[in-house]
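J.: sequence plus predicted model, see below.
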Amino acid sequence: MKPIPLSILAVAHFLLASGSARAQSPPPAPDKIALGDFLLAPSLEIRMRAEYMNSPPDLGGSDPFGRQSPRVRDAWTASERSRLGLGVERGILRAQLTLQDARALGSGAPDATFAPASNAARFGAYEAFLEVHDRGARPSYVRLGRQAVVWGEGRLLGDADFSPMGRSLDAARAHYAAGNVDIEALAAVLEAPSPLGSSFSNTSGPSRSGVELYGALARWSAAPLFRIEAYALARISRSKGDNFDGSRFSASRLSGETYTGALRIFGDARGWDYAAEGAYQFGRANALAIGGADVSAWAAAAHIAKTLPEIALTPTLRIAGSYASGDDGSGSYHQFDPLLADPQRFHGQMDLFAWSNAMDASARVQIVPWAQTSFAVEYRYARLARTSGEWIGSYLTSLGRAAGSTGAGLGSEIDAAFTWRAATALDIRIGWSGLILGDGARAIMSAEARGTTEPGGTVTAPTFAQYAYAQATLTVP
């Protein structure tokens, strides 16, 4: 019998050794580390993003005081957001501290001095809370301190994760879970009252109650495809006006009471995903008129999606639509306020539309070209609900209003996004958007001097705008 070649023996040895190594590979590392009687849960997130905008409808032009700045044709920025957190748990007690540094790159450059505080660079606590919970699989808890809060899909109360800083609230929160029922209560301070007192070196100015948010939520999960959620939110405002931008929408938030009730029916199972939500809003806006103005507004939104795993590329098809009332110029204020909504998620990548004085409809297709990747294309058409109301963007800033204009079309937006989970902890996302501006959008841009100034002094708005971004996120664990 001929001897077995050494090459074949080497290959066999390698295969046997690999199989043995796989069989003996250790289990995944735990997310928590035991230290005496305590469990420690460290976390790390680093996100880098570059963005480019061409003929942006929301940059440049007139400021709140009527002063004009040059037209913005091209704009870009690079930003980073880093979070380092530590959770500590012992028995029924839990504490969480997450520090965050968020900035536009180049702001607050290291030059051996401390630069003045800037909105383009901020370091502080993103989360800092204490919690008492029971030991159930779905624990009930009471949580006090700074925390991220999301109710429903985030249309009225979300964590704004796509934004440069994200959103967290200084709040007291109680959550009760039993069977298929969840009940939650929330009280948050959005703007601190003033004056704060001698210990804060703040002793002057009129006494104000700041801005507070109260809420209650109830959810019943009857089945994966049938869940009901009802919640109510009350915002009590006596603001100092630091974020006032001169618009009626911003003025409606300065002083008064806004009460919002919402009902949502949703489900997710067997490849289906759907939700339908309606909300009604009432209250009082004290800064809109002498003696104040009554608030009466409403909004509705729905979507349905289906994933087809049996088809090549595992396509997901989705259609959606929304409506939110706008101001009609009467004695009452009818423009819906989405309170603390999430940007980017509901009304397109360009963040030019919001659940306020707008109606939109969209269709989306997503495929999975390779493992750990996805590619999606979405078409959206948007228009003003009332031409007499203001155009509001996803970050809840006013893009303006064109008095006397009858144009309601805001435009047709196409969004494309590619995502790739390049490694266990690394996600890469690239997106592009183009907007064909409608007659209503162009009229508002001309009124706000966002366009080309003609020899006669009139302003011609562009017909097309673009937005692109690339983002990499490292998350541990």
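T.: Okay, I see it. Numbering: from 1, shown residues only.
J.: next up, the contacts around R235.
T.: L190, V211, E212, L213, R253, E257, T258, T260, L339 (Cβ atoms under 8 Å, 6 or more residues apart in numbering). Just so you know, the C-beta spots here come from the backbone N, C-alpha and C atoms, and that holds for glycine as well.
J.: what does A470 give?
T.: Contacts of A470 by Cβ under 8 Å, 6+ apart are R49, A50, I428, R429, I430, G431.
J.: just these now: which is nearest S221?
T.: R429 (30.7 Å; Cβ to Cβ).
J.: ok but the closest one is inside a strand, no?
T.: Yes: per DSSP: H, G, I helix; E, B strand; the rest coil, R429 lies within a strand segment.
J.: tell me, how many residues neighbour it?
T.: If you count neighbours by other Cβ atoms under 10 Å, R429 ends up with 16.
J.: hang on, it packs against F418?
T.: Yes: at 7.1 Å, R429 counts as touching F418 under the criterion of Cβ atoms under 8 Å.
J.: go ahead and build a ChimeraX selection from the buried members of the contacts of A470.
T.: Of those, the buried ones can be selected in ChimeraX as follows, counting by 16 or more other Cβ atoms under 10 Å:
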select :49,429,431
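J.: helix/strand/coil for G440?
T.: helix.
J.: that one contacts G409, correct?
T.: Yes: using Cβ under 8 Å, G440 makes contact with G409 at a distance of 5.0 Å.
J.: who's more crowded, the two?
T.: Neighbour count, other Cβ under 10 Å: between G440 and G409, G440 has more, with 21 against 17.
J.: how much space separates the nearest residue to that one once chain neighbours are set aside from S55?
T.: The shortest distance from G440 to any non-neighbouring residue, by Cβ to Cβ, 6 or more residues apart in numbering, is to G407 (3.9 Å). Separation of G407 from S55 (Cβ to Cβ, to the nearest Å): 18 Å.
J.: who has more neighbours out of these two?
T.: S55 (23 against 16).
J.: tell me the contacts of the more buried one?
T.: Here S55 is in contact with V72, R73, P462, F464, A465, Q466 (Cβ under 8 Å, 6+ apart).
J.: and which of the contacts of A470 is nearest to S237?
T.: R49 (32.0 Å).
J.: ok now do the closest one, which residues does it touch?
T.: Counting by Cβ under 8 Å, 6+ apart, R49 touches A78, S79, E80, R81, Y469, A470, Q471, A472.
J.: would you list the buried entries among the residues you listed?
T.: S79, R81, Y469, A470, Q471, A472.
J.: isn't the second one up against D161?
T.: Think R81. No: in this structure R81 lies outside contact range of D161 using Cβ under 8 Å: 9.7 Å.
J.: beta partners of the residue lying closest to A128 once chain neighbours are set aside?
T.: In this structure, A128 finds its nearest non-sequential neighbour in R146, 4.6 Å apart by Cβ to Cβ, 6+ apart. Under the criterion DSSP bridges, R146 forms beta bridges with A128, D170.
J.: quick check, pLDDT for R146.
T.: R146 carries a pLDDT score of 97 in this model.
J.: isn't it up against A172?
T.: No: with contact defined as Cβ under 8 Å, R146 does not count as touching A172 (11.2 Å).
J.: hmm, back to that, pick the one among the contacts of R235 closest to R155.
T.: Closest to R155, out of all of the contacts of R235 and judged by Cβ to Cβ, is L339, at 8.9 Å.
J.: thinking again about what came up before, which two from the buried ones among the contacts of R49 end up farthest apart in space?
T.: R81 and A470 (14.6 Å).
J.: in strands, which of the contacts of R235 appear?
T.: Counting by DSSP state E, the part of the contacts of R235 found in strands is L190, V211, E212, L213, E257, T258, T260.
J.: ok, and the most crowded of the residues you listed?
T.: Within those, T260 tops the neighbour count with 25 neighbours, counted by other Cβ under 10 Å.
J.: how far does the stretch of helix or strand L97 belongs to sit from the chain's center?
T.: Per DSSP states H and E: L97 is located in strand 93-104. Computed by Cα atoms, centre = their mean, to the nearest Å, the chain-centroid distance of strand 93-104 equals 18 Å.
J.: tell me which residues of that strand come out buried.
T.: For strand 93-104, burial by neighbour count (16+ other Cβ under 10 Å) applies to R94, A95, Q96, L97, T98, Q100, D101, A102, R103, A104.
J.: possible to save the buried ones among the contacts of R49 as JSON lines with secondary structure?
T.: JSON lines is the format used below for these (three-state DSSP):
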{"residue": "S79", "secondary structure": "strand"}
{"residue": "R81", "secondary structure": "strand"}
{"residue": "Y469", "secondary structure": "strand"}
{"residue": "A470", "secondary structure": "strand"}
{"residue": "Q471", "secondary structure": "strand"}
{"residue": "A472", "secondary structure": "strand"}
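J.: okay, those in CSV with pLDDT and distance to L384 next?
T.: Shown next, in CSV, are the buried ones among the contacts of R49 (pLDDT from 0 to 100; distance: Cβ to Cβ, whole Å):
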residue, pLDDT, distance to L384
S79, 95, 31
R81, 96, 33
Y469, 97, 26
A470, 98, 32
Q471, 97, 31
A472, 97, 36
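J.: I'd like those as TSV, with distance to F226 appended.
T.: Formatted as TSV, the buried ones among the contacts of R49 follow (distance: Cβ to Cβ, whole Å):
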residue	distance to F226
S79	41
R81	37
Y469	37
A470	39
Q471	35
A472	39
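J.: kindly indicate which of those lies nearest G400.
T.: Y469 (24.1 Å).
J.: the residue nearest to A128 - how many residues pack around it?
T.: R146 has 18 nearby residues by other Cβ under 10 Å.
J.: so how far is V189 from it?
T.: Taking Cβ to Cβ, one finds R146 at 10 Å from V189.
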